[in-house]
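1. Quick check, what structure comes out for this input:
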Amino acid sequence: MTRSGNLLVGQGGGPTAVINASLLGIVEEARQHRQIERILGMRYGLVGLLKGDIVDLGLEDPQRLRLVGRSPAAALGTCRRRFTPHDATSTLAVLAAYNVRFFLYIGGNDSADTAHQIQALADQSGYDLTCMGVPKTIDNDLAHMDHTPGYGSAARYIATAALNISYDTAAIATTDQVTILEVMGRNAGWLAAASILARTSSDDAPHLVYVPERPVSADCLVRQVKQVVARHGHAVIVATETIRDENGKPWARSTGDDGFGHARLVGAAERMGDVISDSLGLKVRVNKPGSLQRSAGECVSPVDWDEAYLVGKVAVSRAVDGARDMMVTLLRKPGTAYACATGLAPLADIAHAERRLPAEFLNEDGQISPAFADYARPLIGGPLPTYARLTAPRS
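-> Just a heads-up that it's a prediction; the model follows:
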């Protein structure tokens, strides 16, 4: 078992609206264990670790820390930096200098890989260290778990945004007939799929949802938009920024990578809009919420916050009990009422896998199925806004 020492925590990758709930859970749980002498934080993730940019979280005022836990974005700061063999000497030096015996990294696939590599480095060097991963990503694409902290709140934001845009588009259909909402999601369509959660009937917007799991050709796009506009007089489309065509090529163009080797793709919605305008002569408006979808504190799901806090606490308690080189997972319990438990999965398995929308969440035409709504609705934490349209007959 790891001997007593200090705990070091960091946050990696894209922030979420509830990532600080996990940080709060870690700090509050760590204070309960005598094996943990000091609670330290690395500023800007791996970058801070390598520079020795360390803060003492144990000195933070508990009331302020609770407020931080309710704040969006990564309070410690984050980074997108890949761990390399060249980092080994600096990493071990900082860990030893601060007597770090528990290393917790809050993040997704790439952060899991970083924590796993640091665990392997410590083991090879004979340095007594326990590494644990704490899950986080709005993309909801981590394997070996039902869902990830951060997703429920981002899904709530996207569902609300799609609902609001649907009313706006209908109101201005004489000017702009088509609206496209482009959302994040890397190679998985979980966020785009969440846009259907405010629907109350099959005619409600969004009328078309395009996800990376199902390629869409220009001809298919034009045909489906034409059908929707003929029926409703306008069309609301939601698309993941990484959608691909029938040949497997991204609709967007690449502008380099994000530091982890993942391509930065931009322009998918604009290209879709050009195709629609050129083929159908319709005016198209493009909306990109960008980082708003992961930082909207007003859209935090209570379920999401509670689970983000929980996985932070569990990561500490399991590490103290002897678990190592693992990530905490969220596992849905069977039954009609929503309930969730925690588990553990090897960091290496999380790092090198990607969980995409399963086939049962997609219809034959590639649109989102009711089964997805049943899955996702409990995660967004309660009802969405209720609106109404006029029904008065023409006089």
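
2. report the longest helix in the protein, please.
-> helix 151-171 (DSSP state H).

3. Tell me which residue lies nearest the centroid of this structure.
-> The structure's the chain has its C-alpha centroid closest to I138; by CA atoms, centre = their mean the separation is 1.1 Å.

4. Now that residue. Nearest residue, chain neighbours left out?
-> Among residues not flanking I138 along the chain, A154 sits closest, at 3.8 Å (CB to CB, 6 or more residues apart in numbering). From N, CA and C alone the C-beta is placed, and that goes for glycine too.

5. same check, this time on R101
-> In space, R101 is closest to G5, 3.0 Å off (CB to CB, 6+ apart).

6. Within its local environment, how many residues does that neighbour see?
-> G5 sits with 19 neighbouring residues when counted by other CB atoms under 10 Å.

7. can I assume it is in contact with F102?
-> Yes - under the criterion of CB atoms under 8 Å, G5 makes contact with F102 at 7.0 Å.

8. Does I138 touch V18 like I think?
-> No - contact criterion CB under 8 Å: I138 and V18 do not qualify, at 9.8 Å.

9. what touches both of those two?
-> Residues touching both I138 and V18 (CB atoms under 8 Å, 6 or more residues apart in numbering): G150, S153.

10. if we can go back for a sec, spit out the residues that contact G5 and F102 alike.
-> I36.

11. What pLDDT does the model give D257?
-> With respect to pLDDT, D257 scores 65.

12. Following element in sequence after the host helix or strand of R223, please.
-> Assigned by DSSP states H and E, R223 belongs to helix 218-232. Next helix or strand after helix 218-232 toward the C-terminus (DSSP H and E): strand 235-240.

13. What pairs with that next one, parallel or antiparallel?
-> According to DSSP bridges, strand 235-240 forms sheet pairs with strand 178-183 (parallel), strand 208-210 (parallel).

14. Need the contact partners of the longest one.
-> Under the criterion CB under 8 Å, 6+ apart, residues 158, 161-162, 165, 168-169, 191-192, 195, 206, 225, 229, 234-241, 268-269, 272-273, 276, 282-289, 293 lie in contact with strand 178-183.

15. One more: stretch 276-285?
-> So stretch 276-285 is contacted by 169, 175-180, 218, 221-222, 225-226, 229, 272-273 (CB under 8 Å, 6+ apart).

16. filter those to the buried ones?
-> Among the contacts of stretch 276-285, the ones that count as buried by 16 or more other CB atoms under 10 Å are T169, Q177, V178, T179, I180, A218, L221, V222, V225, V229, M272, G273.

17. So which of those is the closest to T148?
-> The nearest member of the buried ones among the contacts of stretch 276-285 to T148, counting by CB to CB, is I180 at 26.0 Å.

18. in stretch 273-283, what's buried?
-> By neighbour count with 16+ other CB under 10 Å, stretch 273-283 contains the buried residues G273, V275, I276, L280, L282, K283.

19. Next: stretch 78-93.
-> So, applying 16+ other CB under 10 Å, buried residues of stretch 78-93: T78, C79, R80, R81, F83, D87, A88, T91, L92.

20. got the contact list for the closest residue to L163 other than its chain neighbours?
-> Closest residue to L163 apart from its sequence neighbours, by CB to CB, 6+ apart: A198 at 3.9 Å. Going by CB under 8 Å, 6+ apart, A198 touches A159, T160, A162, L163, D204, L384, P385.

21. ok, the first one to R64 distance?
-> So the one you mean is A159. 32 Å (CB to CB, to the nearest Å).

22. And the fourth one, by the same measure?
-> As for L163, its distance to R64 is 35 Å (criterion: CB to CB).

23. now swap in the third one and tell me
-> Applying CB to CB, one obtains 35 Å for the distance of A162 from R64.

24. which of these two has more neighbours?
-> Legend: neighbour count by other CB under 10 Å for A162 and R64, higher for A162 (28 against 9).

25. shouldn't that one be in contact with P206?
-> Yes - counting by CB under 8 Å, A162 does reach P206; the two are 5.1 Å apart.

26. Now for those two: what residues contact both?
-> In contact with both A162 and P206: L181, S195, I196, V236, V238, using CB under 8 Å, 6+ apart.

27. which of those has the most neighbours?
-> V238 (31 neighbours).

28. Was I right to think that one contacts A162?
-> Yes - the pair V238 and A162 passes the contact test of CB under 8 Å, sitting 5.9 Å apart.

29. I'd like to check which residues are in contact with the closest residue to A170 other than its chain neighbours.
-> Sequence neighbours aside, H234 is the residue nearest to A170 in space, at 5.9 Å (criterion: CB to CB, 6+ apart). H234 makes contact with T169, A170, A173, Q177, V178, T179 under the criterion CB under 8 Å, 6+ apart.

30. The third one and S202, how far apart?
-> Using CB to CB, one obtains 19 Å as the distance from A173 to S202.

31. what do you get for I243?
-> For I243, the distance to S202 - CB to CB - is 23 Å.

32. With V286 instead?
-> On the measure of CB to CB, V286 and S202 end up 25 Å apart.
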